[in-house]
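Student: A predicted structure for the sequence below; I have some questions about it.
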Amino acid sequence: MPELYTHTHKSKPTVEHPHTPHTHDKKDYPVNYCSPIASYAHYPANVRFIGTDEKERIILLLRRHWATNVNWMLTGLVLLFVPVPFVFFPILNFIPERFLVVTILFWYLVTTAYILEKFLSWFFNVYIVTDERVFDVDFYNLVDRDITDANIEDIQDVTSAIRGAIRTSLDYGDIFIQTSSEVPEIDFEGVPHPDQVAKILRDLRVEEQQEKIEGRVR
Amino acid sequence: MGPFSNLELVTDIWFVVKIMFLIGMGLYLIFAFVIIRQTHHMTNTLQVGFETPIRLFAWLHLFAAIGLLLFAIFVL
């Protein structure tokens, strides 16, 4: 998998301070400077999300695995080559040249918009895990946005699933988070390293329970 | 000018096609504006340090749509 698309904590992170799990001070967490188009970013630096509080720290930023983009990328590539036969072969000789030129330019404009829309959809449909909550950010179309969140302490069960040969070989899959909040389930679909993500969520739950016992809940 | 001149103009298939092209491109221009609003909305929701290229690309797309509409008005 290209390094550009994934940033796990296997790569060398820039650790500003050692990780001390029982505090919520921002300075106590490591910081990773990772690619902005990474589909797995652990302790990402310079990420700001509208839903988080000032003291809340983003632990994971997840997108669908890059392999889930192959379909629209191939479609985009095919669309780019659709006008080629009309240029080289005299199929549409009856159409005046000026109409043909405008049609081809318009076709490329529409193809650009298709690629841009698909990229934006992948880039901004993210899953965020903070030290307090999990977020599922969905942009359904051009104007509709849904942000679903659940507190870490409300998580009841975390299940990870990798199904199929391609998903197994590329290590990506789904995570189902059962919660006791208003939203009964939050699903992370097609995210890289699902087992690792599930483990991080379990660790956060334990940490949150520990904080509750010690009376350090914000 | 004979009474059939206007009729000839209306029945000119390419004139009709031109009007359809211009209407289509006008609608596309609205779509390009919506993309600008959408990228603004999205980049306000999540900031990861890649906002400038995304916004720039959306603006370039809008300018290309305007350019093509003007080109079509003058060329067709």
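Tutor: Yes, it's here.
Student: Confidence-wise, which helix or strand of chain A is lowest on average?
Tutor: Lowest by mean pLDDT, DSSP states H and E among the helices and strands of chain A is helix A:84-88, with a mean of 80.
Student: what sits up against that one?
Tutor: A:I91, A:L92, A:L100, A:I104 (C-beta atoms under 8 Å, 6 or more residues apart in numbering or on different chains). Using the backbone N, CA and C atoms, a C-beta is placed for each residue, glycine as well.
Student: what helix or strand is residue 71 on?
Tutor: No chain specified, so I'll use chain A. In the assignment (DSSP states H and E), A:N71 maps to helix A:70-81.
Student: Hmm, no, I was thinking of chain B.
Tutor: helix B:51-75.
Student: which strands and helices sit next to that helix?
Tutor: Helices and strands touching helix B:51-75, by 3 or more C-beta pairs under 8 Å, 6 or more residues apart in numbering or on different chains; DSSP states H and E, are helix A:97-124, helix B:13-45.
Student: Comparing those, which stretch has the densest surroundings?
Tutor: Greatest average neighbour count among those goes to helix A:97-124 (a mean of 17), per mean count of other C-beta atoms under 10 Å in any protein chain shown.
Student: Centre of the chain to that one, how far?
Tutor: Relative to the chain's own centre, helix A:97-124 is displaced by 24 Å; criterion: C-alpha atoms, centre = their mean, to the nearest Å.
Student: Which strands or helices does that helix pack on?
Tutor: helix A:70-81, helix A:84-88, strand A:133-139, helix B:13-45, helix B:51-75.
Student: List the contacts of the helix or strand following the longest one.
Tutor: On the C-terminal side of helix B:13-45, the closest following helix or strand by DSSP H and E is strand B:46-47. Taking C-beta under 8 Å, 6+ apart as the criterion, the residues outside strand B:46-47 that touch it are A:N46, A:V47, A:R48, A:F49, A:I50, A:F124, A:V126, A:V137.
Student: let's see 10 Å
Tutor: For strand B:46-47, contacts defined as C-beta atoms under 10 Å, 6 or more residues apart in numbering or on different chains pick out A:36, A:46-51, A:61, A:123-126, A:128, A:135, A:137, A:139.
Student: So which residues of chain A form strands?
Tutor: Along chain A, counting by DSSP state E, strands occupy A:40-42, A:48-49, A:58-62, A:127-130, A:133-139, A:145-151, A:155-161, A:172-179, A:185-192.
Student: Output the ones you listed as CSV; include the columns mean neighbour count, distance to B:Q47 and mean pLDDT.
Tutor: Listed next are the strands of chain A as CSV, based on neighbours: other C-beta atoms under 10 Å in any protein chain shown; distance: least, C-beta to C-beta, whole Å; pLDDT from 0 to 100:
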stretch, mean neighbour count, distance to B:Q47, mean pLDDT
strand A:40-42, 25, 13, 87
strand A:48-49, 15, 4, 86
strand A:58-62, 23, 11, 90
strand A:127-130, 22, 12, 92
strand A:133-139, 20, 13, 90
strand A:145-151, 16, 15, 87
strand A:155-161, 16, 26, 89
strand A:172-179, 20, 24, 91
strand A:185-192, 20, 20, 90
